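Student: Pasting a predicted model and its sequence here:
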Amino acid sequence: MTSKAEYLGDLRVKNTHLQSGSNYLTDAPIDNHGKGEAFSPTDTVATALGNCILTTMGIKAEDKDIDLKGTIAEITKTMALNPRRIAKIKVEIYFPKNYPDKIKSILKYTAFHCPVFQSLHPEMEKEINFFYD
């Protein structure tokens with residue numbers, strides 16, 4: 001097993017990563033009967049895309065001896081109705097410096113081929129933008 005999820009009541013779930021023991025809570029969003037006091041399950045999906053992009057680019061950057069420390073991903077999730085689902089995830093990546101075009105190309109390719117991006121439904125809109133200081 002990878003993780004365990006325990007329903008705590010009041011639309012809140014405690015999630016535990018079994019290998020490390022770390023945990024986080026999810027809460028239903030305000031627009032769907034919740035309090036919005038923690039990440040919603042769909043927030044975690046959107047955030048996972050940003051995390052996966054940063055992680056896979058970090059792995060590639062280490063291989064190329066490039067420092068990405070300080071790179072930030074800002075993530076925006078847009079919901080749709082009937083059925084309720086994530087319609088779009090927008091990820092804006094802000095790098096702490098400018099890189100040569102070849103490095104930019106490698107990082108962009110890596111972002112679009114991260115496992116989470118590849119796992120999301122093809123009909124879900126995914127917009128990824130890159131900004132260099």
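Tutor: Yep, that arrived. Note that the structure is predicted; figures quoted are calculated from it, not measured. Residues are numbered from 1 along each chain as shown.

Student: for the longest helix along the chain, packing partners?
Tutor: The helix spanning the most residues in the chain, taking DSSP state H as the definition, is helix 41-63. Helix 41-63 makes packing contacts with strand 23-27, strand 72-80, strand 85-95, helix 101-112, helix 115-119 when contacts are defined by 3 or more CB pairs under 8 Å, 6 or more residues apart in numbering; DSSP states H and E. For the C-beta atoms, the positions are set from N, CA and C on the backbone; glycine is no exception.

Student: how about 10 Å then?
Tutor: strand 12-17, strand 23-27, strand 72-80, strand 85-95, helix 101-112, helix 115-119, strand 125-132 (3 or more CB pairs under 10 Å, 6 or more residues apart in numbering; DSSP states H and E).

Student: Show me the one of those that comes nearest Cys52.
Tutor: Across the helices and strands packed on helix 41-63, Cys52 has its closest neighbour in helix 115-119 (3.7 Å, CB to CB).

Student: which parts of the closest one are buried?
Tutor: Neighbour-count burial for helix 115-119, counted by 16 or more other CB atoms under 10 Å, picks out Val116, Phe117.

Student: And the pLDDT at Lys35?
Tutor: In this model, Lys35 is scored at 94, pLDDT.

Student: Ok, Thr44 next?
Tutor: So Thr44 comes in at 98 (pLDDT).

Student: okay, now the domains of the protein?
Tutor: The chain breaks down into these domains under automatic domain parsing: 3-32, 41-132.

Student: Pull up the distance across the longest one, start to finish.
Tutor: Start-to-end span of domain 41-132 (CA to CA, to the nearest Å) is 31 Å.

Student: Straight-line length of stretch 93-111, end to end?
Tutor: End-to-end distance for stretch 93-111: 10 Å, by CA to CA.

Student: I am finished for the moment; much appreciated.
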